Structure formats: structure tokens, C-alpha cells
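> Turn this into a model:
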Amino acid sequence: MTERLFKVLNEDGSPFHSGSGTWHLPEGGRPGEWMPPIKGELIPCENGYHLCREQDLVEWLGPAIWEVEYQGDRVDSGNKIVVREARLLRRCENWNERTARLFACDCAEHVLYIFEAQHPDDSRPRQAIETVRRYARGEATKEELAAAWDAAGAAARAAARAAAWDAAGAAAGVAAWDAAGAAAGVAAGVEQVSILAGLAGL
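Predicted coordinates:
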């Protein structure tokens, strides 16, 4: 089975994560033109065209995902592949604004239990996730989306403040390190929910 490789870019082919130069987009069912060959040694994060495998995509998500092919030298490095020459074959049409929002909602819901364990009576983050899902399906307005984002942000900020106060108070006691660690964990979980909700609201 041939290995599938991908490049995450902006919709116009410009870099999304880093780098320079705009990639040639496929047209009329034909692949884009080959990008100019990279000169010198291929060095991850420094020199070369950076691609990723299917299992690495979740770490590189962005506006547009393109299936690519390469030729010439290749260096594998962790979650990336660096090559000397590459071109875009086709856009992955199943990844779009709607699916990106729904994926972000799934991710946010996956860590929502961290927030709800500490704040069982605060439903604002869960409601925000549901609003984003409805918006992705065309069932909510931009105004509803903005209001949900504001509410979720307020909940995250309040929870982070409460966690900080708990940690500060516990620091005076014998169990300071354990309490501070627990509070930090809650704050981190809240931050994850906030970040993912923000991604969904873009």
C-alpha cells in the first residue's frame, strides 16, 4: 500500500504553520507544479519541504489539507517528513470549516469532564460546544456563536481564578505541593477547554 503524505496550508497555498513561499495549487484535476528543489542538506525545521503522514495530521491541522507526493531525498523526523521536492496532488475536501468546527467540539467535549468535575453547576462550556455544533450544521446564528464563546470564556477565566486561589491558600499548609499540583491540573484542563472552544469558534 502506497504511503499517503499531506501538507497543511492556507487555502491559497501559502504557509499556515511556518515557512515561506506559496505552493502551486492543483487545477482541473491535475496536480500542482513541482516546487523548486531544495538546495543543501535537508534539516528538519530548517531546510526542506515539510510533510506529514496520516497519523501525524492531528498535530498539524489548519485551514486546508492537501495530499502530496515527493521525489528525491527524504528525512523522517518525529511527526514530520522533510523532502527535497514535492507537489500538491489534490485537496482533502472532507476537511473544511464545518468538519473543523465539529472536530474541535469533539476534542473540547473529550476534556470537558475536567471542568465539570470541579464546577458541576456551570453549564456554560457545554452549552458553548452545543452552540458551535448547531452553528456548524447551520442551525445557529453568528450572534449565538459569539455569545456562547463569551460565556465559555467567562467560565474558563472564573475557574482559573478559583484554581489559583485554592493553590495559594493551600500553599500555607503541609500539603501545599499536592494542592498546588491539583489546582494546576484543573487550570490546565480549563485552558484546554477554552483553547478548543476557541478553535471551534474561529
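
> Distance-wise, check Leu89 relative to Glu27.
As judged by Cβ to Cβ, to the nearest Å, Leu89 and Glu27 stand 12 Å apart. (C-beta placed from N, C-alpha, C; glycine too.)

> Same drill for these two, tell me which one is more crowded.
Neighbour count, other Cβ atoms under 10 Å: between Leu89 and Glu27, Leu89 has more, with 17 against 9.

> Helix, strand, or coil at that one?
Classification of Leu89 using DSSP: H, G, I helix; E, B strand; the rest coil returns strand.

> confidence score at it?
On pLDDT, Leu89 comes in at 97.

> go on, Glu69?
Looking at Glu69, its pLDDT is 97.

> could you list every residue that touches it?
5, 31, 86-87, 89 (Cβ atoms under 8 Å, 6 or more residues apart in numbering).

> Now which of these would you call buried?
5, 31, 86-87, 89 (16 or more other Cβ atoms under 10 Å).

> Show me which pair in those residues is furthest apart.
Based on Cβ to Cβ, the longest span within the buried ones among the contacts of Glu69 runs between Leu5 and Pro31 and measures 13.1 Å.

> In this structure Ser11 contacts Ile65, no?
Actually, residue 11 is Glu. It isn't Ser. No. Using Cβ atoms under 8 Å as the test, Glu11 is too far from Ile65 to be in contact (10.6 Å).
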